[in-house]
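Q: Curious how this folds, go ahead:
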Amino acid sequence: MAKKSPPRTKTGKLADFMCFAVYSANLAYSRVYKPVLEELGLTYPQYITIVCLWEEDAQTVKGLSEKLFLEPSTMTPMLKRLEAMGYVRRTRDTDDQRNLRISLTDAGRRLREKGFGFAEVTAKASGLTAEEFALLQKAVTRLRDNLVTASMASSG
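A: Here you go, the predicted structure:
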């Protein structure tokens, strides 16, 4: 049996647009974690890059850009800044010299302890229970994945 699409409102009010709800929630989220990021001296894209490298070190620029939904052309200047800050090291891939591998330095690994409070701050600010927060995160991730799949199908 096919799933029903969510009901559409006929008002056309901005508050009725899912895309605006996601966009404006992201902006509000950014305001909450801005002080934490400022304390770390990082932008949000820099922070999620570091987090991605905590999960798996020595990734290629292409691999990082795919995981973070950022263009390689966006990643390159950001990675250069992170390298200048002493958090990452960029080296040529030994298997394919065309690729750069990005690795955390000791300073980049130490950021992990400083950044641990980040999740608590944002979860508390959400006003959701731990269960509600986890369910919402799963739903938003599913929404993103479905939209990515749909955009790939329509462009191919």
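
Q: Tell me the buried residues in stretch 83-91?
A: 87-88 (16 or more other CB atoms under 10 Å). Backbone N, C-alpha and C define where each C-beta goes, glycine included.

Q: How much space separates Ala139 from Leu128?
A: Separation of Ala139 from Leu128 (CB to CB, to the nearest Å): 12 Å.

Q: Who has more neighbours out of the two?
A: Using other CB atoms under 10 Å as the criterion, Ala139 and Leu128 rank with Leu128 on top: 14 against 10.

Q: Doesn't that one belong to a helix?
A: No - Leu128 is assigned coil when assessed by DSSP: H, G, I helix; E, B strand; the rest coil, not a helix.

Q: Leaving out sequence neighbours, find the closest residue to it.
A: Distances taken as CB to CB, 6 or more residues apart in numbering put Leu136 closest to Leu128, at 6.5 Å, once the chain neighbours are dropped.

Q: May I ask which helix or strand encompasses the one you found?
A: For Leu136, the element it lies in under DSSP states H and E is helix 130-155.

Q: Please state the offset of that helix from the chain centre?
A: 13 Å (CA atoms, centre = their mean, to the nearest Å).

Q: packing partners for it?
A: Packed against helix 130-155 by the contact rule (3 or more CB pairs under 8 Å, 6 or more residues apart in numbering; DSSP states H and E) you find helix 117-126.

Q: helix, strand or coil for Tyr33?
A: Tyr33 ends up helix, using three-state DSSP.

Q: Backbone dihedrals for Leu100, please?
A: In terms of degrees, to the nearest 10, the main-chain angles of Leu100 are phi -100, psi 140.

Q: need the contact list for it.
A: Leu100 makes contact with 60-61, 79, 90-93 under the criterion CB atoms under 8 Å, 6 or more residues apart in numbering.

Q: let's see 7 Å
A: Residues counted as contacts of Leu100 (CB atoms under 7 Å, 6 or more residues apart in numbering) are 60-61, 90-93.

Q: nearest to Leu14, of those residues?
A: Val61 (37.1 Å; CB to CB).

Q: For the protein, name the helix or strand with the lowest mean pLDDT.
A: helix 117-126 (a mean of 82; mean pLDDT, DSSP states H and E).
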